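*Asks:* I would like to see how this sequence folds:
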Amino acid sequence: MANAQRDVWITGIGIVSCLGEGPEAHWRALSEPASTADIKTFAPHIVHPLARVDFDKQIPKKGDQRQMEPWQRIGTYAAGLALDSAGVKGNTELLGRMDMIVAAGGGERDWAADASILSGLPTAEQPERFLNERLMSDLRPTLFLAQLSNLLAGNISIVHGVTGSSRTFMGEEAAGLDAVRIALARIKANQSDVALVGGAQNGERRDLLMLYEFGGFCLKREFHTVWDRQSSPGFALASLGAFLVLESRDHAERRQASPLAKLSEVIVESAPRSAGSVEANLERMWDALQLGPNGTAVISGATGTEPGTSEERSFLARRAEVAIRATGSHFGHGVEPQFCMNIAVAALTLSYGKLFPPYDTTGVERPIVAEPSRVVVTGVGHWRGEGLALVERV
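*Replies:* Numbers count the residues shown, from 1 in each chain. Coordinates of the predicted model:
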C-alpha cells in the first residue's frame, strides 16, 4: 500500500565537472569561486570543459571505454562515484534490485565525417551515389548504436552491475526534472527501495554547439556570471556527470547508511511558455512547498538564456530573506543532468552546514551567515520546463 509519508534520503553523490570529481573537490571550488570557462577552444562559443579524469578508476576495462562515447564515459564514471559514495559498490544483491532512471540527450555525431560529406556533396558529379558511398565507408558501424540514448543506462548496468528496472528520459532539462521526480515518487509510494538517478553531457562538441546556436541559446565571446547576461543572453555548455543514490529511510537504516540530506519534494511544470509563465509557475510551485519563514536557501539552475532567467530573477527578488546561488556561473549548463547536479550541491550545502560564497556581479547573490536548514533547487529550462526540488537537513 502506498505511503506518501515515506522519507527519501540522498545516501550517495557522484559528480564530475570542470571543478573536478567528487563532493570534496566541488565544495572546495565552490568555496573559492573562479571562472573555469574556456573562451578559446570553441570560439566564439564558451564552454566549461571537463576536468582531467582517470576513467580507469571507475571503468577498468579498456574495451568498455572504447565502445562508449565521451558523454557515456562521463555518466558511467559519475554513476560509479555515486555507488561508492553510498557504500553499495560491488553489493550484488542490492545492485540487482536497484532501479535506474537516466536523463539523456542524443548521441554524438561524427562531425568530421559530416563536414567532409557536406563539403563534397555540392561538387559531386553524382550526389546520390557520392552520399551513399561516403556513408558506407566513413561512418563507423558502432556509431549508430552509440547514439542510442538508453546506452548510458546499459553501460552502467554492464560496468557497475545495476540491474533493477531501467528508464531513460529524453527532453533536455525537463528530462532531468522528471527523472528525479519519478524516482522520488516511486520510493515514496513503496514501489522502489533504492534508485540511481542522474545523467551526463559532453559539452565539448561542435555539433551540439551548432544545434544550440541555431536557436540563439549559446553564450559567446565574453564570460559573464549567470545573472549578468541580460545584454548578451545564453548558456555556456558544460561537460558534467551527476548521479544520486536515493533510498527510503527504512532501507538505508537497515544497512546502516548515513544520509547526506533528505529529498522531500519535486514539483514539475512543463506547459508551453508564454509571457510571464515561468514566473507564475515558480510562484505556484513555491507555494505548494509550504516552506517555513526562515532557514531557506536557493540553488538556482538559471541558464542565462532569456526570458526565463529574467523571470526567475524577478520571482526570487520578491524573496529578500532567501540566499541565492546560481551554479551555472561555476560549472556551466549541463542541460539534462543539471537538476541532479544542483540537488547534489544542495545536499552538500546541508551536509557542510553552510552556503558557499556568492559568485555574482549584480547583487542577486548575497553573503549569508545563518545556517540553512533547507534548500530549494530551481530548474528552469532554456525554452521549456520548470521545476523545484526541496532538499532538507536530516
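*Asks:* Ile15: neighbour count?
*Replies:* 28 (other C-beta atoms under 10 Å). Using the backbone N, CA and C atoms, a C-beta is placed for each residue, glycine as well.
*Asks:* for it, give me its contacts.
*Replies:* Contacts for Ile15 were tallied using C-beta atoms under 8 Å, 6 or more residues apart in numbering; they are Glu21, Gly22, Pro23, His26, Ala78, Leu81, Leu240, Gly241, Ala242, Phe243, Met341, Ala344.
*Asks:* any of those residues buried? List them.
*Replies:* Among those, those buried by neighbour count (16 or more other C-beta atoms under 10 Å) are Glu21, Gly22, Pro23, His26, Ala78, Leu81, Leu240, Gly241, Ala242, Phe243, Met341, Ala344.
*Asks:* the last one and Val394: what is the separation?
*Replies:* Distance, Ala344 to Val394, using C-beta to C-beta, to the nearest Å: 15 Å.
*Asks:* outline the domain layout of the protein.
*Replies:* If you go by automatic domain parsing, the domain ranges for the chain are 8-109+147-392, 111-143.
*Asks:* just the ones in strands from the contacts of Ile15, please.
*Replies:* Glu21, Leu240, Gly241, Ala242, Phe243 (DSSP state E).
*Asks:* from those, pick the one nearest Ile59.
*Replies:* Gly241 (12.0 Å; C-beta to C-beta).
*Asks:* pretty sure that closest one contacts Asn202?
*Replies:* No. Counting by C-beta atoms under 8 Å, Gly241 does not reach Asn202; the two are 9.3 Å apart.
*Asks:* so what sits against both of the two?
*Replies:* In contact with both Gly241 and Asn202: Ile74, using C-beta under 8 Å, 6+ apart.
*Asks:* thinking again about what came up before, which of the contacts of Ile15 lies closest to Pro358?
*Replies:* Once C-beta to C-beta is applied, the member of the contacts of Ile15 that ends up nearest Pro358 is His26, at 16.7 Å.
*Asks:* nearest residue to that closest one in space, please, no chain neighbours.
*Replies:* Computed as C-beta to C-beta, 6 or more residues apart in numbering, the closest residue to His26 that is not its neighbour in sequence is Leu19, at 5.0 Å.
*Asks:* so that neighbour touches Ser329, yeah?
*Replies:* No. Counting by C-beta under 8 Å, Leu19 does not reach Ser329; the two are 11.6 Å apart.
*Asks:* compare neighbour counts for those two and give me the winner.
*Replies:* Per other C-beta under 10 Å, whichever of Leu19 and Ser329 has more neighbours is Ser329, with 27 against 24.
*Asks:* what sits against the more buried one?
*Replies:* Pro33, Thr225, Val226, Trp227, Tyr359, Asp360.
*Asks:* any idea of the pLDDT on the closest residue to it other than its chain neighbours?
*Replies:* Here the nearest residue to Ser329 in space, its sequence neighbours aside, is Thr225; by C-beta to C-beta, 6+ apart that works out to 4.1 Å. Looking at Thr225, its pLDDT stands at 97.
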